[in-house]
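Enquirer: Could you look at this predicted model? Sequence included:
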Amino acid sequence: MLLRNVQLRSRPAIRDRFAQVFAGIRRAAPAGPPFHRLEPDEPAEQLLGDGAAVVTIHLRNEARVARRTLRAVAELDAVVVPSGSCAAMMRLHWPQLFAGDRDAALAARVAPRVFELSQYLVCELGAPPIGSHTGRAVAYHDSCHMLRELRLHDPPRRLLAAVADLHELPRSDRCCGFGGAFAVRYPDVSTAMADDKLATAQAAGADTVVSADPGCIMHIEGRASRTGAPVKVVHLASVLADAL
């Protein structure tokens, strides 16, 4: 089994925490499948082909950008992505994006082998023990693509409940307000939605908001920084890595 981190535009800190989680799993189960982190080459830093790009870029250009990632991961047994929106794009929309294209068959083969991080750990590996309880009080925010397209509700919660005190976030399925171009077109609405997310987390007794989508994290974290909200906003991989 091979690991490919394809969230090339996520912040280095998330990529590092992501790799730490798999290193911990490898130590806990040395007889298990090998994992390999493939570092992107310099040109690939500018590619991925996620949902936001589909909204703002012509589909022909989107396919051109996504093609490089598709071919880079073509021979891997599993592609594990620390982003629900990117996993949804690759797993669900690549076959449509490449329909009628010379790489249509390749996209159809690769798509089922793409997994979001918690999906892979829980559904494919059976939720292996990640580490010890951290004592953190966390609330999980469901990102739109991960919940509505990938239908992933329980896997991240199952992982978090094993290493932290999980407080269910009121209206956890409500968008944080980022939505790519949405935040640009409707900044006041976008800001209010992020502020509501922070307020509900505090009301739920959580000191940390956890999500599995870097876009949501960037947006909510930005509002927390600007408003001085006493809430940390981190990626799921960060909480799991802290438990190692």
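Expert: Perfect, I can see it now.
Enquirer: If I look at V231, what pLDDT would I see?
Expert: On pLDDT, V231 comes in at 93.
Enquirer: Got phi/psi on the residue nearest the centre of the chain?
Expert: Per C-alpha atoms, centre = their mean, the C-alpha nearest to the average position across the chain is that of S83, at 1.9 Å. Taking degrees, to the nearest 10, you get phi -160, psi 120 for the backbone angles of S83.
Enquirer: Please apply the same query to H235.
Expert: Main-chain torsions, H235, degrees, to the nearest 10: phi -80, psi 150.
Enquirer: Distance check, it against R64.
Expert: For H235, the distance to R64 equals 29 Å [C-beta to C-beta, to the nearest Å]. The way it works is simple: take the backbone N, C-alpha and C, and place the C-beta from them, glycine included.
Enquirer: Among those two, which residue is more densely surrounded?
Expert: Shown here are H235 and R64; by other C-beta atoms under 10 Å, H235 has more neighbours (26 against 13).
Enquirer: residues touching that one, list them.
Expert: 14, 17-18, 82, 210-212, 214, 217 (C-beta atoms under 8 Å, 6 or more residues apart in numbering).
Enquirer: Show me which of these is closest to A88.
Expert: A212 (11.2 Å; C-beta to C-beta).
Enquirer: ok, the closest one - contacts?
Expert: Contacts of A212 (C-beta under 8 Å, 6+ apart): 82-84, 116-118, 143, 146, 156, 235-236.
Enquirer: where does the chain have low pLDDT?
Expert: 1-13, 18, 25-61 (pLDDT under 70).
Enquirer: Over to the closest residue to V81 other than its chain neighbours. Which of the three states is it?
Expert: In space, V81 comes closest to A87 once its chain neighbours are excluded; the distance is 4.4 Å by C-beta to C-beta, 6 or more residues apart in numbering. When classified by DSSP: H, G, I helix; E, B strand; the rest coil, A87 comes out as helix.
Enquirer: Thought S143 was touching A87, still the case?
Expert: No. In this structure, A87 is not within contact of S143 by C-beta atoms under 8 Å, at 10.3 Å.
Enquirer: that older thread, contacting residues around the residue nearest to V81?
Expert: Counting by C-beta under 8 Å, 6+ apart, the residues that A87 touches are 81, 114-116, 119, 145-146, 150.
Enquirer: Identify those among those residues that sit within strands.
Expert: Using DSSP state E, the subset of the contacts of A87 located in strands is 81, 114-116.
Enquirer: Now rank the contacts of A87 by neighbours and give me the top one.
Expert: Busiest of those [other C-beta under 10 Å] is E116, holding 30 neighbours.
Enquirer: And that one, how far from M89?
Expert: 11 Å.
Enquirer: per the record, what domains does this protein have?
Expert: 12-123, 130-242 (automatic domain parsing).
Enquirer: for those domains, which one ends up most surrounded?
Expert: With neighbours taken as mean count of other C-beta atoms under 10 Å, the domains of the chain reach their highest mean count in domain 130-242, at a mean of 19.
Enquirer: Would you confirm that P129 contacts A162?
Expert: Yes. Using C-beta under 8 Å, P129 makes contact with A162 at a distance of 7.3 Å.
Enquirer: L166 contacts R157, doesn't it?
Expert: Yes. Proximity of L166 to R157 meets the contact threshold set by C-beta under 8 Å, at 6.3 Å.
Enquirer: hey, what's in contact with both of those two?
Expert: Y140.
Enquirer: mind listing the helices for this structure?
Expert: Taking DSSP state H, the helices of the chain run over residues 12-28, 51-56, 59-72, 84-88, 94-97, 104-110, 117-119, 144, 154-163, 181-185, 187-203, 214-227, 236-242.
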